[in-house]
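Peer 1: compute the structure for the input listed below.
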Amino acid sequence: MTRAFSDAGILVHAYLMYGFPTQTVQDTVDALEYVRQLFENGCIQSGFFHRFACTVHSPVGQNPEDYGVTLAPLPPGGFAKNDVAFIDPTGVDHDALGAGLKKAIYNYMHGIGLEEDVRMWFPFKVPKTTVRRDRIARALGAR
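Peer 2: Below is the predicted model:
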């Protein structure tokens, strides 16, 4: 679908989320590989990685045990206190990963680094992606 929009001259912007409860470093690296391939294959032209925020009325906020997280106590006062901190059992430093994700997508939007291994965007060791480098190209070929 995104390729069809792109082929028709319609700019496709991807709103992307990272840091969902229980998302691992491997999950994040794999997601970035998919995004790299979407840029590489002309499926999207723009994007932004947003950090997951747990809200009191979301499924995670209402049923944290279903997502394996523990919610922090809400601050005093009930008006407009929607975001709630949570403890993710994975212990992943999503903030550290977020810097690499944002750097990668900024460069991808400018056509830079599309041929590189996604691990290059992180200033610390992350696992190799488990996604084939031609996954999106193969999917597009099947249409």
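Peer 1: could you use CA atoms for every contact and neighbour count after this?
Peer 2: OK.
Peer 1: quick check, Leu97 in contact with Phe122.
Peer 2: Yes: counting by Cα atoms under 8 Å, Leu97 does reach Phe122; the two are 7.1 Å apart.
Peer 1: more crowded one of the two?
Peer 2: Between Leu97 and Phe122, Leu97 has the larger neighbour count (other Cα atoms under 10 Å), namely 20 against 17.
Peer 1: can you pull the contacts of that one?
Peer 2: Neighbouring residues of Leu97 by Cα atoms under 8 Å, 6 or more residues apart in numbering: 25, 28, 122.
Peer 1: kindly recompute the last result at 7 Å.
Peer 2: Residues in contact with Leu97 (Cα atoms under 7 Å, 6 or more residues apart in numbering): none are found.
Peer 1: following element in sequence after whichever strand or helix holds it, please.
Peer 2: Assigned by DSSP states H and E, Leu97 belongs to helix 94-109. Later in the chain than helix 94-109, the nearest helix or strand by DSSP H and E is helix 135-141.
Peer 1: now do the buried residues in that next one.
Peer 2: Neighbour counts over helix 135-141 (16 or more other Cα atoms under 10 Å) mark Ile136 as buried.
Peer 1: repeat that for stretch 32-49.
Peer 2: Per 16+ other Cα under 10 Å, stretch 32-49 contains these buried residues: 32-41, 43-47, 49.
Peer 1: what's the end-to-end length of it?
Peer 2: Distance between the two ends of stretch 32-49: 10 Å, counting by Cα to Cα, to the nearest Å.
Peer 1: so what touches that stretch?
Peer 2: For stretch 32-49, the surrounding residues in contact (Cα under 7 Å, 6+ apart) are 2-3, 6, 11-18, 101-102, 105, 108-109, 114, 118, 129, 131, 136-137.
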